[in-house]
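S.K.: Predicted coordinates and the sequence they were generated for:
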Amino acid sequence: MHFEFQYIYFIWLATAVLLFLVLFAAVKKWKRKTIKKIGEPALVKSMIRGYSPFRFNFKFFLLCLSFLLGVFCVMSLRKPGGDDGIKRAGIDVVFVLDLSKSMLAQDVKPSRLLLAKQFISQMMDAMPDNRVGLVWFAGKAFIQMPISADHGSAQMYVDDASPDVVPVKGTVIGDALEQSLKSFGEREAKYKAVILISDGEDHDEKALKLSKELATHGLMVNTVGIGSPEGSFIPDDSTGGNKLDPATGAPVISKLNQKELQEIAANTKGVYVHLTDINAAVKAINAQLAQIDKKVSADTSLMSFSYYFWVFATAMVLLLITEQLLPDGKKVKET
């Protein structure tokens, strides 16, 4: 186990020492000019014979060192207290789920959405070492849960997923892919993959272009088509019947758009699966994910740490006390 700083990004505060040095140099220059303006050098030397340049410089050094110790204190040095953290040899996987109204169609049982949620649940059970993230989309896309090793929380979000979460109509797969990339927190796509579950009903040219860009970053997108090519009516909860076309009044039929989902997967060296059998789909996706290199990471949320910020805090206080007690001048012998 090694020491680490919990908030390493606070190191930028140390650059303030450069400002202190500039101000210190300005004060020294001002002192020299002032001494020259007073009068004869011999007289001035006699007047300031108790002044100690060394102590003045040393006290400034103590203040700068105290400030740096304060920065290290804020950064919070810590060390894992044991093997509480779970070592995971896995990858980061973002599930991108379509929550448009068309996912309520029942051409697959119990419905497209419920079948998709069952698939995600079984997929997470089949890859316990992988960290997961969630992106929901319909007419807009957003990150529902950032990358995490907490599969329990992810499952709760999946259970609660419904079209009501994203009230904007549409199927913006391109925006969903952008959000999935953001959820990884960096452009480096090593050890990362996306699983897109959708009926792909709306053709999205942006998604096809973006998938080619994602491929250049090494990000694999596996797509899961849900529904049937023949299509089905979309239930309308407000009327208790089926959704109707506002223009014609005829029932709307939602069909699975396999072609777009297949192209997205092919562009990123992923695999397309038509979801009819959950076990078979999980096996196919897992086989594809197995091609991605694994990394070993620790789930720090489950670790206990020993903290050592107090060491820097104690040293900082002692230096500040020393600086205050240290006289500014030197003793002058009486003549």
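M.R.: Done, it's in. Numbers count the residues shown, from 1 in each chain.

S.K.: Could you tell me whether Pro128 really is in a helix?
M.R.: No - read with DSSP: H, G, I helix; E, B strand; the rest coil, Pro128 is coil and lies in no helix.

S.K.: Next, give phi and psi for it.
M.R.: Here is the backbone geometry of Pro128 (degrees, to the nearest 10): phi -60, psi -20.

S.K.: and it, how many residues sit next to it?
M.R.: By other Cβ atoms under 10 Å, 11 other residues sit near Pro128. From N, CA and C alone the C-beta is placed, and that goes for glycine too.

S.K.: gap between the closest residue to it other than its chain neighbours and Asp129?
M.R.: Leaving out its chain neighbours, the residue that sits closest to Pro128 by Cβ to Cβ, 6 or more residues apart in numbering is His151, at 7.1 Å. His151 sits at a distance of 10 Å from Asp129 (criterion: Cβ to Cβ, to the nearest Å).

S.K.: how about the helices in the stretch 201-335 of the chain?
M.R.: With DSSP state H, counting those that start in this stretch, the ranges of helices along the stretch 201-335 of the chain come out as 205-216, 258-267, 278-289, 309-325.

S.K.: got the angle for the first one vs helix 258-267?
M.R.: What it means is helix 205-216. Counting by axes from the mean of the first three to the mean of the last three Cα atoms, to 10 degrees, helix 205-216 points 20 degrees away from the direction of helix 258-267.

S.K.: Who are the contact partners of the residue nearest to Pro128?
M.R.: Residues near His151 by Cβ atoms under 8 Å, 6 or more residues apart in numbering: 124, 128, 132.

S.K.: could those residues go into a markdown table alongside pLDDT?
M.R.: Shown next, in a markdown table, are those (pLDDT from 0 to 100):
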| residue | pLDDT |
| --- | --- |
| Met124 | 95 |
| Pro128 | 89 |
| Val132 | 93 |
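
S.K.: related to what we said a few turns ago, looking at the helices of the stretch 201-335 of the chain, which is closest to Pro53?
M.R.: helix 309-325 (16.1 Å; Cβ to Cβ).

S.K.: What is the closest one packed up against?
M.R.: Helices and strands touching helix 309-325, by 3 or more Cβ pairs under 8 Å, 6 or more residues apart in numbering; DSSP states H and E, are helix 53-75, strand 77-80.

S.K.: buried set for it?
M.R.: Residues of helix 309-325 classed as buried by neighbour count (16 or more other Cβ atoms under 10 Å): 309, 312, 315-316, 319-320, 323.

S.K.: cool, stretch 182-200 as well?
M.R.: Neighbour-count burial for stretch 182-200, counted by 16+ other Cβ under 10 Å, picks out 182-184, 189, 191-200.

S.K.: Same check on stretch 273-287?
M.R.: 273-275, 278, 281-282, 284-285.

S.K.: need the residues you listed in a markdown table with distance to Ala16, can you?
M.R.: Shown next, in a markdown table, are the buried residues of stretch 273-287 (distance: Cβ to Cβ, whole Å):
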| residue | distance to Ala16 |
| --- | --- |
| Val273 | 55 |
| His274 | 59 |
| Leu275 | 56 |
| Ile278 | 57 |
| Ala281 | 55 |
| Val282 | 53 |
| Ala284 | 55 |
| Ile285 | 50 |
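
S.K.: Just give me the closest of the residues you listed to Leu115.
M.R.: If you rank these by distance to Leu115 using Cβ to Cβ, Leu275 comes first, at 6.4 Å.

S.K.: which other residues reach the host helix or strand of Ile195?
M.R.: Using DSSP states H and E, Ile195 maps to strand 192-198. Contact with strand 192-198 is made by 91-98, 103, 116, 119-120, 123, 171, 173, 176-177, 180, 184, 214, 218-226, 261, 264, 270, 275, 285, 289, 292, as judged by Cβ under 8 Å, 6+ apart.

S.K.: That's all I had, so thanks and see you.
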